[in-house]
Every structure is written in structure tokens, then in C-alpha cells.
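Student: below are the sequence and a predicted model for it; my questions follow.
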Amino acid sequence: MLARERGLMMRELVAELAGATPTVDELRERARRAEEYVQQHLAPELAESDPALAADTWTAMEACAAPEAPPARALASCRRGSPDGGPGRQYRRHRRR
């Protein structure tokens with residue numbers, strides 16, 4: 001359907017999409033440049049291990065187990081949230097204030 005809307009044959013659409021998808025090496029280079037920019041312009045104190053720590057922290061936050069919070073408190077706030085573990089009643093109550 002997308003190919004038809006663009007007036008392309010399926011083969012042309014696949015080639016266009018494949019050409020627009022960065023390679024693993026291009027993604028690594030983009031990440032390296034981004035980290036370099038952040039260190040030069042935003043956070044000169046950034047250590048080499050910080051991006052990995054940030055990724056781990058983000059994963060923990062998505063799992064509702066932020067490493068900064070004591071585990072029991074983090075779990076309790078998740079249980080008070082919505083059934084799927086997201087911000088539920090506690091978040092809505094805070095937003096109304």
C-alpha cells in the first residue's frame with residue numbers, strides 16, 4: 001500500500017527503506033560523535049562509563065526499579081500504580097494538585 005501511494009514498485013520501496021537505514025558502523029559513529037559533543041559542550045565531567053550507566057538506569061526505570069530508590073519503596077510505588085506497572089493512581093493524584 002505504501003509503495004502504491006508513493007508510486008513505486010515494491011522492490012523500489014524496499015531499496016529506498018534499506019538505503020535510509022543506517023548501518024551498525026554508522027550508528028556507532030553517530031553515538032561516538034554525540035558522546036563527544038555532550039562531553040565538550042554540556043558535561044565536561046562525563047566519564048567513559050557514564051553512558052553505559054545511563055543505559056542501565058534507563059532500563060531499570062522502564063522496569064519501575066530505579067536504582068536510586070530503595071527496592072521496597074520502588075516496588076511499593078509500582079504496586080500502587082496501574083496494573084501494568086506504569087504510573088497509575090499515584091501519578092494522577094500528583095498531577096491534580
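Tutor: Arrived safely. Numbers count the residues shown, from 1 in each chain.
Student: what's next to stretch 43-50, contact-wise?
Tutor: Applying C-beta atoms under 8 Å, 6 or more residues apart in numbering, the contact partners of stretch 43-50 are 35, 38-39. From N, CA and C alone the C-beta is placed, and that goes for glycine too.
Student: the chain: helices as residue ranges?
Tutor: With DSSP state H as the definition, the chain shows helices at residue ranges 2-6, 10-20, 24-37, 50-62, 71-80, 89-96.
Student: and the angle from the fourth one to helix 24-37?
Tutor: Read it as helix 50-62. Here helix 50-62 points in a direction 100 degrees away from that of helix 24-37 (axes from the mean of the first three to the mean of the last three C-alpha atoms, to 10 degrees).
Student: can you dump the C-alpha atoms of helix 50-62 in CSV for me?
Tutor: Output in CSV follows, covering the C-alpha atoms of helix 50-62 (Å, rounded to 0.1, in the frame of the first residue of the first chain):
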residue,chain,number,x,y,z
ASP,A,50,28.6,7.2,32.3
PRO,A,51,26.8,6.3,29.0
ALA,A,52,26.6,2.6,30.0
LEU,A,53,25.4,3.6,33.5
ALA,A,54,22.8,5.8,31.9
ALA,A,55,21.6,2.9,29.7
ASP,A,56,21.3,0.6,32.8
THR,A,57,19.5,3.3,34.7
TRP,A,58,17.0,3.9,31.8
THR,A,59,16.3,0.1,31.7
ALA,A,60,15.8,0.0,35.4
MET,A,61,13.4,2.9,35.2
GLU,A,62,11.4,1.3,32.5
